[in-house]
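Peer 1: No sequence on hand, only this structure:
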């Protein structure tokens, strides 16, 4: 079955630290990839997405992600986190040609001021 | 563009009552919408796919008689939780597809609390 793994369930960082959140998926075909953020008590917001082209995708709020096809990965990065980045982050995969999203279990990030 | 709204944003109801949640695509037409459920501190789980003018497609394990979905127009899908029980308390999120990329645009969610 298709699945998305986010191995880091909880991450605690100090402000200005660098962030990398892992996302791996199990699907052999072409995929579209997404990272969403959910701030406490708020709704999902799209951080960035990959459909095709440059595998290094830049999103909002200084986030970026790199699609490595050979590793079935789409890790999220930010060079320097801020306290306001405290939130839950979800990776989602959509096999190309379909409309269903498969969400990862989420990573809860806490940034200490 | 691609704004999806939900109403209400939160609702509290008594056990045994039914609750209707609306999902609207405000600036585009959506032939396909989705309903997700998110338990506290968990990920989104797809409940069903709502297609305009036809019956919804439910995911395995989702009771279609309990979670009634109606997609009567290209901009509105409704989810009715019938005979709600405390275990139905959750965050319900809808999304809609706008274009051929099949990218989903998410609503802000509805928090249901059943007493």
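Peer 2: The structure has been received and is ready for your questions. Since we're looking at a predicted model, the values are computed, not measured.

Peer 1: burial count for the residue nearest to residue A:77 when sequence neighbours are not counted?
Peer 2: The spatial neighbour of residue A:77 that comes closest, neighbours along the chain excluded (CB to CB, 6 or more residues apart in numbering or on different chains), is residue A:20 at 4.9 Å. No exception for glycine: its C-beta is placed from N, CA and C like everyone else's. Here the neighbour count serves as a burial measure; for residue A:20 (other CB atoms under 10 Å in any protein chain shown) it reads 13.

Peer 1: which neighbours does the one helix or strand residue A:20 maps to have in its sheet, and in what orientation?
Peer 2: Residue A:20 belongs to strand A:19-21 when elements are defined using DSSP states H and E. According to DSSP bridges, strand A:19-21 has the following sheet partners: strand A:73-78 (antiparallel).

Peer 1: if we can go back for a sec, which element follows the strand holding residue A:20 toward the C-terminus?
Peer 2: Where DSSP H and E defines the elements, the next helix or strand beyond strand A:19-21 is strand A:24-26.

Peer 1: Which strands and helices lie in contact with that next one?
Peer 2: strand A:3-5, strand A:73-78 (3 or more CB pairs under 8 Å, 6 or more residues apart in numbering or on different chains; DSSP states H and E).

Peer 1: ranking the ones you listed by burial, who's on top?
Peer 2: Between these, strand A:73-78 has the highest mean count of neighbours, a mean of 21, where neighbours are mean count of other CB atoms under 10 Å in any protein chain shown.

Peer 1: Show the subsequent helix or strand relative to that strand.
Peer 2: Sequence order places strand A:87-95 as the next helix or strand after strand A:73-78, per DSSP H and E.

Peer 1: Please state the mean pLDDT value computed over that following strand.
Peer 2: Here strand A:87-95 scores 95 as its mean pLDDT.

Peer 1: what's the angle between that strand and strand A:73-78?
Peer 2: Counting by axes from the mean of the first three to the mean of the last three CA atoms, to 10 degrees, strand A:87-95 lies at 150 degrees to strand A:73-78.

Peer 1: right, is strand A:87-95 up against chain B?
Peer 2: Yes - contact between strand A:87-95 and chain B is present through A:90, A:94 (criterion: CB under 8 Å from any CB of the partner chain).
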